[in-house]
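Asker: got a predicted structure here, sequence first:
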Amino acid sequence: MSNTTSSTPGTELVLDVNKSRKALVAGSLGNLVEWYEFAIYAYMAPIIAPLFFPSENPTASILSTFLLFALAFFLRPIGALIFGRMTDRIGRKPVLALIIALMSVATTCIGLLPTHEAIGVLAPLLLTLCQIAQGISAGGEMGGAVSLMVESAPANKRGVYGSWSFVGTTLGFVLGGGVATLLAVLLSEDAMASWGWRIGFLLAAPMGIVVLYLRLKVDETPHFKQVKVEAETGELPSPEIAGRRPLTYLLTTLGVVVVYNAVGNTFMVGMPTFLSTSYDMSFERSYFLALVTGLIAGLTMPLFGAVSDRIGRRPVLLFGSIAVVVLSYPLYYMLKLGFGGGLVALIIAGILIGVVGGPMPAFLSERFRTRNRATGVSVTYALSVAIFGGTAPYIITWLASATGDPLSAAYYTLGCAAISAVALLTIRGTQRNQHREELEL
């Protein structure tokens, strides 16, 4: 069974439905493993902080651990540039296989590291090296996976197919939090500090092997194949970013992504530590609330991706960004009301993440041509996640500690959402509605 879709005048691309689904699975599961690995580090931060950064001040230890978390994100643009260019030149399939192998090895090594008590300052140094390897390799994951999935999707389902990239990301958060919660429930505090924390990191090995196998079996995208043929025959136009002002175009794209990275990393990744340090909530309860947020986000993303296939990417993203601006402070206020208030707040937060996350992969892919799509998506996403995502857990924890008022953390998500809303409002002309019938080669 196949679906035929035209790409540019005089060309036809044939999409096989079974191959499209294989690409969907291989791409989304890779994102799942990638963000599981980052999530397990964030969720385990309160436990591993004194093991690698011992200090008389517990907050200082946690902040040091989150600085490494942010470092991995800051290095993502470097990996995005390296692996993005490789993906656009060599192909989606081989580079994505390489990326998942490197990420999984780096995470597994964290689970094998000796602590500060055993080898002193070498412990945080080795942990830093693992985070560097993880951050650089993960930099090219999003652009490659989104390109693989969207270029393999039927023309009228790119929003739905692309949304599964972020569904994989969200489920990675959920899985990482689920493993952390299960370990916290089953093991004593001494067991967790002694050896239990290692289990979550070591699970990256079998997960990575499964995804590596799937990626080695997937076909290259028809769009990339056609670009390669045209490049070899000399028919490919000169590579350029759409628009007359490339820097403005890139900054606008970067600004749109800000809201997803800020909201996702505050309400899912950073929330367990925020709730435990700001409101003395038990790890079990705070982990559970973060899991609910991720689960709701994952369930709603395909829905809003489908909506964007019908009405366009921009209207859905603009609605979500404005909603985050309006609701940020009330949501953080509800967190102080205890477990019940936190549950309602984080369910709403999960829906908001679904609204801004569902259309985002298709929006990004449609901003770039096939011949530079992986690089464009990887670099813009990596810059956004480095500046506004990886720093989010650190910033909200620091704001609550520095001001003595946990509600001050709300201004971070509010401000980031405002940036995205402004960026979306500046999109004009043919870019006003990012629902395009065809992808450009």
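Answerer: Good, I have the coordinates.
Asker: quick one: P124 from L71, how far?
Answerer: For P124, the distance to L71 (C-beta to C-beta, to the nearest Å) stands at 11 Å. C-beta: built from backbone N, CA, C; applies to glycine.
Asker: so between these two, which is more surrounded?
Answerer: More crowded of P124 and L71, by other C-beta atoms under 10 Å: P124, with 20 against 16.
Asker: chain neighbours aside, what residue packs nearest to that one?
Answerer: F52 (4.9 Å; C-beta to C-beta, 6 or more residues apart in numbering).
Asker: with L96 instead?
Answerer: Nearest one to L96, counting by C-beta to C-beta, 6+ apart, is G144 at 4.7 Å.
Asker: spit out the residues that contact P124 and L71 alike.
Answerer: Residues touching both P124 and L71 (C-beta atoms under 8 Å, 6 or more residues apart in numbering): there are none.
Asker: tell me which residue is most central in this structure.
Answerer: T169 (5.2 Å; C-alpha atoms, centre = their mean).
Asker: so it is in which element?
Answerer: Taking DSSP states H and E as the definition, T169 sits inside helix 158-186.
Asker: show me what that helix is packed against.
Answerer: Counting contacts by 3 or more C-beta pairs under 8 Å, 6 or more residues apart in numbering; DSSP states H and E, helix 158-186 is packed against helix 17-43, helix 141-151, helix 197-202, helix 246-264, helix 283-311, helix 339-357, helix 360-365.
Asker: which one of those helices is the most hemmed in?
Answerer: Sort the helices and strands packed on helix 158-186 by mean neighbour count, taking mean count of other C-beta atoms under 10 Å, and helix 141-151 sits at the top with a mean of 31.
Asker: helices and strands around it, which ones?
Answerer: On a contact count with 3+ C-beta pairs under 8 Å, 6+ apart, helix 141-151 meets helix 17-43, helix 76-90, helix 92-110, helix 158-186, helix 222-233, helix 360-365, helix 373-384.
Asker: pLDDT on it, on average?
Answerer: Model confidence over helix 141-151 averages 89 on the pLDDT scale.
Asker: just stretch 193-208 next, same as before
Answerer: Across stretch 193-208, the average pLDDT comes to 93.
Asker: now it: how far from the chain's centre is it?
Answerer: In this view, stretch 193-208 has its centroid 21 Å away from the chain centroid, taken as C-alpha atoms, centre = their mean, to the nearest Å.
Asker: cool, stretch 274-294 as well?
Answerer: 20 Å.
Asker: contacts for that stretch, please.
Answerer: The contact list for stretch 274-294 (C-beta under 8 Å, 6+ apart) reads 43, 46, 59, 62, 170-171, 173-174, 177-178, 180-181, 184-185, 266-269, 271-273, 335-336, 339, 342-343, 346-347, 349-350, 353, 393, 396-397, 400-401, 406, 409.
Asker: separation between A402 and Y394?
Answerer: Taking C-beta to C-beta, one finds A402 at 12 Å from Y394.
Asker: of these two, who's got more company?
Answerer: Taking neighbours as other C-beta under 10 Å, A402 and Y394 compare with Y394 leading, 20 against 9.
Asker: same question for the helix or strand hosting the more buried one, mean pLDDT?
Answerer: Secondary structure assignment for Y394, by DSSP H and E: helix 392-403. Averaged over helix 392-403, pLDDT sits at 84.
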